[in-house]
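Student: Turn this into a structure:
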Amino acid sequence: MANPWRGDVALVMDGERHVMRLTLGALAELEATLDSGTLVDLVQRFESGGFNTRDVLALIVAGLRGGGWKGQASDLVQAEIEGGPMAAARAAAALLARAFMLPEQGDGRV
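Tutor: Numbers count the residues shown, from 1 in each chain. A predicted model of the protein is given here:
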């Protein structure tokens with residue numbers, strides 16, 4: 001089950017449900033694959049609607065790998081994502097938002 005408080009986002013790919021998560025390792029891998037800029041630049045592209053398909057693909061791959069998937073970006077070329085490209089873009093945006101969401105005030109965590 002996807003837990004949004006842990007940063008999880010569900011994605012159905014080739015009929016199989018995957019739980020994606022941007023762990024610290026997945027974020028480091030994501031940053032290494034970005035064609036331009038930093039994670040902050042990536043966030044700004046998503047906030048402004050200026051992201052591209054490479055951004056979506058990089059986020060999906062990082063999220064899948066953070067969730068335990070052992071595949072590579074090339075494995076997604078033929079993959080069918082339930083809901084199509086728009087669902088993939090929404091899932092990528094949700095991953096990014098949840099990775100940098102601040103915890104609720106008063107829960108004692110930083």
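Student: roughly how far is the helix or strand hosting R45 from the heart of the chain?
Tutor: According to DSSP states H and E, R45 maps onto helix 39-48. Averaging C-alpha positions (CA atoms, centre = their mean, to the nearest Å) puts helix 39-48 13 Å from its chain's average.
Student: average pLDDT across that helix?
Tutor: The average pLDDT for helix 39-48 rounds to 89.
Student: and it, what other elements does it pack with?
Tutor: Helices and strands touching helix 39-48, by 3 or more CB pairs under 8 Å, 6 or more residues apart in numbering; DSSP states H and E, are helix 24-33, helix 53-66, helix 84-99. Any C-beta I mention is one placed from the backbone N, CA and C, and that applies to glycine too.
Student: go with 7 Å
Tutor: helix 84-99 (3 or more CB pairs under 7 Å, 6 or more residues apart in numbering; DSSP states H and E).
Student: The helix it packs on: which residues count as buried?
Tutor: A88, A89, A91, A92, A93, A94, L95, L96, R98, A99 (16 or more other CB atoms under 10 Å).
Student: For the nearest residue to the second one once chain neighbours are set aside, give me its contacts.
Tutor: Okay, so that is A89. In this structure, A89 finds its nearest non-sequential neighbour in V56, 5.1 Å apart by CB to CB, 6 or more residues apart in numbering. By CB atoms under 7 Å, 6 or more residues apart in numbering, V56 lies in contact with A88, A89, A92.
Student: Sketch out the low-pLDDT regions of the protein for me.
Tutor: Scanning the chain for pLDDT under 70 picks out the ranges 1, 102-110.
Student: looking at this, G37 is in a helix?
Tutor: No: assigned with DSSP: H, G, I helix; E, B strand; the rest coil, G37 falls outside any helix and is coil.
Student: how deep is it tucked in, by neighbour count?
Tutor: 12 (other CB atoms under 10 Å).
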